[in-house]
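A.B. asks: what's the 3D shape of this:
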Amino acid sequence: MTFEEAIRAQYGIKVPITANDLHLRKFRIDELRNGFLMKMEKTGVFGSFIDAETFIWTENGVTQYEQKHKENKEIRAEWLIWETARSMIERGERLGRQDGERLALAVQRLEAWL
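C.D. replies: From the prediction side, this is the model:
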């Protein structure tokens, strides 16, 4: 399984072939989450800060590592916004422009703090 195939198997999305340069890149998983990846020639790392998970890919397979989220007062409000949006999306509701922008900001802040 290639690095890109491992990401597709985990998140169900196709990412472009990644250069073996160890640069941190972000990709969109869905409305609620972004992913990150870094790749070298025979190994790579990808995951999601929001999901608190990291995957190590080698030519022999993929290993998952779960992380712990930081907890503090500054992030609580962002998690509430994220959870509210997740609930709305799961119920099939569409977020308005303003709500979508606020969710994007919450995701951005959470990823920066986690």
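A.B. asks: could you measure L80 against R86, distance?
C.D. replies: 11 Å (Cβ to Cβ, to the nearest Å). Bear in mind the C-beta positions are built from the backbone N, C-alpha and C, glycine included.
A.B. asks: of these two, who's got more company?
C.D. replies: R86 (15 against 11; other Cβ atoms under 10 Å).
A.B. asks: Next up, the contacts around the nearest residue to G47 once chain neighbours are set aside.
C.D. replies: In space, and not counting its chain neighbours, G47 is closest to T54: 3.9 Å by Cβ to Cβ, 6 or more residues apart in numbering. By Cβ atoms under 8 Å, 6 or more residues apart in numbering, T54 lies in contact with V45, F46, G47, Q64, Y65, E66, Q67.
A.B. asks: T54 belongs to a strand, doesn't it?
C.D. replies: Yes: per DSSP: H, G, I helix; E, B strand; the rest coil, T54 lies within a strand segment.
A.B. asks: which residues does it bridge with?
C.D. replies: G47, Y65 (DSSP bridges).
A.B. asks: Distance of it relative to E83?
C.D. replies: In terms of Cβ to Cβ, T54 sits 22 Å off from E83.
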